[in-house]
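> Fold the following.
(one chain, ligands or ions: 1)
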Amino acid sequence: MEAPFEEFGSLVFGEKQMQERLPKPVYTAWKKTVSSEGTLDRQTADSIAHAMKRWALENGATHYTHWFQPLTGATAEKHDAFVEPGPDHEPITHFSGKNLIKGEPDASSFPSGGLRATFEARGYTYWDVTSPAFIKDGVLCIPTVFVSYNGESLDKKDPLLKSIKALSDAATKVVNLLGEKDVRSCKPYVGLEQEYFLIDRKYFEERPDLRLTGRTLFGAPASKGQELSDHYFGSIPTRVAEFMKDVNKELWKLGIYAKTEHNEVAPSQFELAPVFSEANTAVDDNQLTMDILRKTAEKHGLACLLYEKPFDGINGSGKHNNWSILTDNGSNLFAPGEKPAENIRFLTFICAFIRAVDDNALLLRMSASSAGNDHRLGANEAPPAIISVYLGSYIEQILYGLYMEHPSQSKNREATPTEFNPISGLSYIPHDNTDRNRTSPVAFTGNKFEFRMLGSSMSAAVPNIVLNSIMAESLNEIAEELEGIKYLQDVRAKALDICRNIIHDHKRILFSGDGYSSEWVKEAKRRGLPNVRSFVESIEVLEDKKTVKMLTDLGVYTEKELAAREEIYREQYIKQIGIEVRTLLSMTRKDILPAMTADLKFYSDADAAAGKAAPAYLKARVTELSELIDETYKASEMLEKDFTEVNAAGITKEAGKKMYYDICPEMEKVRSFIDKYEVIATPDNYKLPTYEDMLFSL
Ligand SMILES: NC(=O)CC[C@H](N)C(=O)O
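Residues are numbered from 1 along each chain as shown. Below is the predicted model:
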């Protein structure tokens, strides 16, 4: 590999390393396991472990860990050194097949939603053979699933793997039925666009709200925001370019194809996007990417904010989840091809997806939600909470053409993309057959769907579990209808019929207009589309009978696992709001009210000193500050009282909703007074970094 990329993949024990370092039969056994055609026996595992240990030691690793993804949404690791005393008390290195395959990190303090009682709290990690081991910070990390003593899933990877299998089975069945008998498996592919903010670390450290909650709980807007779009795609600031260089280096070493980087719309906001990869590794890689972004920022004296809405009034950060399905021979099932109108496989898969989204809009909405995302959705180029699908007029026209036509006249279906040639002298202009709609939660972008709802700090596992599962269910239904038809020609005709029915029944989910408009809210209501405002309400879908049946039938979750997740999400939400309230109260008392009081003294002293000749300005400030102090004080006391009351109820549905509908607005009220004060605060007394400091200093 050429110079800047020569270390690419050097910290991954991937296929190439396996092939080079493992005896042929061991390598073959591993390959078979990965493609689900075999299982690993103890000896093979020992042999892989031995090679892995040698490779890790050669690359400077001293420890190994089972790296897993508990339900907190973050990753977890507990390191064990390779070194231990040998039989004659001399140090030896040890790492067996058993160490590789199974771990018992205990990890009993992670949320389990009642899946583990404290007295039987054992948790086990098992190697995910499909995801390569890697070295991070001198530790060999083995990607694993995390399950309870009884085998219930306690993490986000286990259900993801199960959903990938369910989708593969369903998609393969349909592709085979449509005539491509050589396809043996299908895989979801994912590309995650990671948005983030960077601010000077000094400011981050001076803002307890950023450190403890991830977002600014108050802050008046700077005089300049993003209105000029001058940051977007602009020349990357030198300090940030240096940071990105290091991030890329780390990611490339880990075999992650970090590809695109640019300034995002908001000041101090940036984006990094890797090349598409299989859903399982894409999710792992994104977790690693977030980790590396945070740590590299620290090295550069910066803080990387991954939170969905760190600053009010400007763009938040998303993690746009681009999702597609590929067959084992590399064919993209959402690729329209030259003639989409005649591409029955394409039409079938698009229609299956439309039905999947319409039938499971609530579940999708839940899958991309969090307390942080509640602040982001519905404004500043983030989609609204109402789920709809944007296909672009070209594909939509084709679908409506298919729907309207009589089954016997399938030729009239062709739609033509609008042709234009803006640049003279170019004979080849690749044409896009979809436009972009930034207000749409689910947008078709040529050969994949972009699920724009997911928040920047969240694990990408759950939305992909949901996308895979709902698509698997929809495809299974199609397969059932196609099975048993003798001639391929009839199968294909039937597939088109199914598409027509789907368009008839589910066209309400298609929407190309402005997702922010109040008309859409009304129109969506008329169409019967759900509009769930908050994350904490959206999680109730996990007890919906149809949803539970779908996910349990597919083998992705058990009923108990779903109930546990609902409980965990609710608990996390209530606790997150609790942290925000306490932080806001503490900052109000320690930073804001004393600064207001000092400013009041400053102006009243000046007013008194000037005596009769005092300008009106001083009196006006005194009055304004006295009022603001009163209002801030009253609002914060009220917030504390109401919060304590709601919080005392424990983790209940009612408490969750009250946090959203009562407590969050009360926090906003306190904020409104602080923001008003910040506009007139004197820098001598008001010491907290402002939006201007934080957003315009790189
Ligand atoms: N240009 C963009 O796509 C902005 C997206 C926006 N930051 C979001 O929250 O999703």
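> so what's the residue in the chain that the ligand sits nearest to bridging to?
Ranking the residues of the chain by distance to the ligand (CB to the nearest ligand atom) places residue 318 first, at 2.9 Å. No exception for glycine: its C-beta is placed from N, CA and C like everyone else's. For residue 318, the residues forming beta bridges with it (DSSP bridges) are residue 455.
> and if you look at residue 135?
As for beta bridges, residue 135 partners with residue 140 under DSSP bridges.
> Tell me the confidence at the residue of the chain closest to the ligand?
Per-residue confidence for residue 318 comes out at a pLDDT of 97.
> Kindly report the same for the one 10 residues further on.
As predicted, residue 328 sits at a pLDDT of 96.
> Would you mark the buried spots in the strand or helix carrying residue 298?
Element membership for residue 298, per DSSP states H and E: helix 279-299. By neighbour count with 16 or more other CB atoms under 10 Å, helix 279-299 contains the buried residues 279-290, 292-293, 296-297.
> and of the residues you listed, the nearest to residue 438?
Residue 438 lies nearest to residue 286 out of those, by CB to CB, at 21.3 Å.
> show me the contacts for the closest one.
192, 194, 319, 459-460 (CB atoms under 8 Å, 6 or more residues apart in numbering).
> Narrow the residues you listed to those in strands?
192, 194, 319 (DSSP state E).
> Ranking by neighbours, what's the top pick from these?
Using other CB atoms under 10 Å as the neighbour test, the ones in strands among the contacts of residue 286 are led by residue 319, with 29 neighbours.
> who in the stretch 51-200 of the chain is up against the ligand?
By CB under 6 Å from any ligand atom, the part of the stretch 51-200 of the chain that sits against the ligand consists of residue 195.
> Spatially nearest residue to residue 508 (excluding sequence neighbours)?
Leaving aside its chain neighbours, residue 508 sits nearest to residue 527 (4.1 Å; criterion: CB to CB, 6 or more residues apart in numbering).
> nope, residue 383 is what I was after
Spatial nearest neighbour of residue 383, chain neighbours left out: residue 441 (3.7 Å); criterion: CB to CB, 6+ apart.
> And residue 511, by the same measure?
Spatially, and ignoring its direct neighbours in sequence, residue 511 is nearest to residue 388 (3.9 Å; CB to CB, 6+ apart).
> pLDDT score assigned to that neighbour?
97.
> Could you tell me how many residues sit around it?
Residue 388 has 27 nearby residues by other CB under 10 Å.
> One more: residue 148?
The burial count for residue 148: 21, using other CB under 10 Å.
> same question, residue 605
Based on other CB under 10 Å, the number of other residues close to residue 605 is 12.
> Correct me if wrong, but it is in a helix.
Yes: the assignment for residue 605 is a helix, going by DSSP: H, G, I helix; E, B strand; the rest coil.
> For the remainder of this discussion, apply numbering that starts at 13.
Yep, numbering from 13; the last one is residue 617 now.
> That one and residue 623, how far apart?
Distance, residue 617 to residue 623, by CB to CB, to the nearest Å: 12 Å.
> likewise residue 343?
Applying CB to CB, the value for residue 343 to residue 623 is 86 Å.
> Which one's more surrounded, those two?
Remark: of residue 343 and residue 623, residue 343 carries more neighbours, 15 against 7, as counted by other CB under 10 Å.
> So for the more buried one, what's the pLDDT?
97.
> so what's it up against?
Contacts of residue 343 (CB under 8 Å, 6+ apart): residue 195.
> Next up, the contacts around residue 311.
Going by CB under 8 Å, 6+ apart, residue 311 touches residue 258.
> Apply 7 Å and report the result again.
Neighbouring residues of residue 311 by CB atoms under 7 Å, 6 or more residues apart in numbering: there are none.
> same thing with residue 56?
38, 41-42.
> can we see that at 10 Å?
Neighbouring residues of residue 56 by CB atoms under 10 Å, 6 or more residues apart in numbering: 34-35, 37-42, 44-45, 50, 109.
> first vs last residue of stretch 74-88, how far apart are they?
Distance between the two ends of stretch 74-88: 18 Å, counting by CA to CA, to the nearest Å.
> coming back round to it: the contacts of residue 298: which two are farthest apart?
Within the contacts of residue 298, 206 and 471 form the most distant pair, 12.1 Å apart (CB to CB).
> what residues do those two have in common as contacts?
Contact criterion CB under 10 Å, 6+ apart; residues shared by residue 206 and residue 471: 298, 302, 331.
> Let me know how buried residue 496 is, in neighbour terms.
There are 8 residues near residue 496, going by other CB under 10 Å.
> now do residue 356
Neighbours of residue 356 (other CB under 10 Å): 17.
> Need the per-residue pLDDT for it.
Predicted confidence (pLDDT) for residue 356: 97.
> Report the contact partners of it.
Residue 356 makes contact with 190-191, 422, 503-505, 507-508, 511, according to CB under 10 Å, 6+ apart.
> so the residue nearest to residue 395 makes contact with residue 380?
Yes: applying CB atoms under 10 Å, one finds residue 453 in contact with residue 380, separated by 8.0 Å.
> Overlap in contacts, the two.
Taking CB under 10 Å, 6+ apart as the contact rule, residue 453 and residue 380 both touch 389, 395, 397, 399, 463-466.
> Make JSON lines from those and add secondary structure to it.
Converted to JSON lines, the shared contacts of residue 453 and residue 380 look like this (three-state DSSP):
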{"residue": "389", "secondary structure": "coil"}
{"residue": "395", "secondary structure": "coil"}
{"residue": "397", "secondary structure": "coil"}
{"residue": "399", "secondary structure": "coil"}
{"residue": "463", "secondary structure": "strand"}
{"residue": "464", "secondary structure": "coil"}
{"residue": "465", "secondary structure": "coil"}
{"residue": "466", "secondary structure": "coil"}
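> tell me which parts of this protein are close to the ligand?
207, 276-277, 327-330, 388, 393-394, 450, 464.
> redo that, cut-off 8 Å
The chain comes close to the ligand at residues 205, 207, 244, 276-278, 281, 320, 327-330, 332, 388, 392-395, 450, 464, 468, as judged by CB under 8 Å from any ligand atom.
> what are the ranges of the helices in the stretch 13-162 of the chain?
With helices called from DSSP state H, counting those that start in this stretch, the stretch 13-162 of the chain shows them at 27-33, 36-46, 54-70, 109-113.
> ok, and for the third one, which residues are buried?
To tie it back to what came earlier, the one meant is helix 54-70. Going by 16+ other CB under 10 Å, helix 54-70 has these buried residues: 56-65, 67-68.
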